[in-house]
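Peer 1: my questions are about this predicted structure, shown below with the sequence.
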Amino acid sequence: MTDWKQEGEVLRRSISAPDFPTAIRIVDAIAVKAEELNHHPDIDIRWRTLHLALTTHDAGRLTELDHTLAAIIDDIAREHGA
Ligand SMILES: C[C@H](O)[C@H](O)[C@H]1CNC2=NC(N)=NC(=O)C2=N1
């Protein structure tokens, strides 16, 4: 776990991308992996800063899926220089 903060049953982190197109490319890359996993983050896009939140809505709490997706998101951020 890197920049993630747990607030109750939610993991949160922000990603600062170099520019807006890169922020959107990060979102796109996350979307592909999230769909594969059938586990999706909440994403708030604010210019080149992405605010992400992870929780397992069906369970009403954090599950292993959230931690798995968090690590995937960290990799994607690093790959995009964020
Ligand atoms: C049927 C259910 O909506 C699906 O299994 C998936 C879709 N993506 C999901 N994403 C997240 N974060 N939590 C879920 O419970 C969830 N459920």
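Peer 2: Done, it's in. All of these numbers come straight from a predicted model, not from anything done at the bench.

Peer 1: contacts (any at all) between the ligand and stretch 40-48?
Peer 2: Yes. Stretch 40-48 is in contact with the ligand by C-beta under 6 Å from any ligand atom, via His40. For the C-beta atoms, the positions are set from N, CA and C on the backbone; glycine is no exception.

Peer 1: which residues sit against that stretch?
Peer 2: Stretch 40-48 has contacts (C-beta atoms under 8 Å, 6 or more residues apart in numbering) with 16-20, 22-24, 27, 30, 34, 50-54, 69, 73.

Peer 1: filter those residues to the buried ones?
Peer 2: Listed as buried from those are Ala17, Ala23, Val27, Ile30, Ala34, Leu50, Leu52, Leu54, Leu69, Ile73; burial here means 16 or more other C-beta atoms under 10 Å.

Peer 1: which one of those residues is nearest Glu7?
Peer 2: Within the buried ones among the contacts of stretch 40-48, the smallest distance to Glu7 is 10.8 Å, found for Leu54 (C-beta to C-beta).

Peer 1: was I right to think the closest one contacts Ala71?
Peer 2: No. At 10.7 Å, Leu54 does not count as touching Ala71 under the criterion of C-beta atoms under 8 Å.

Peer 1: joint contacts of those two?
Peer 2: Counting by C-beta under 8 Å, 6+ apart, nothing touches both Leu54 and Ala71.

Peer 1: what residue ranges in this protein are flagged as low confidence?
Peer 2: 1-2 (pLDDT under 70).

Peer 1: can you point me to the longest helix in it?
Peer 2: Across the chain, the longest stretch assigned as helix under DSSP state H is helix 20-37.

Peer 1: now do whatever helix or strand comes next after it against helix 20-37, angle only.
Peer 2: Counting by DSSP states H and E, the element after helix 20-37 in chain order, helix or strand, is strand 42-46. Going by axes from the mean of the first three to the mean of the last three C-alpha atoms, to 10 degrees, strand 42-46 is angled at 170 degrees with respect to helix 20-37.

Peer 1: all set now, cheers.
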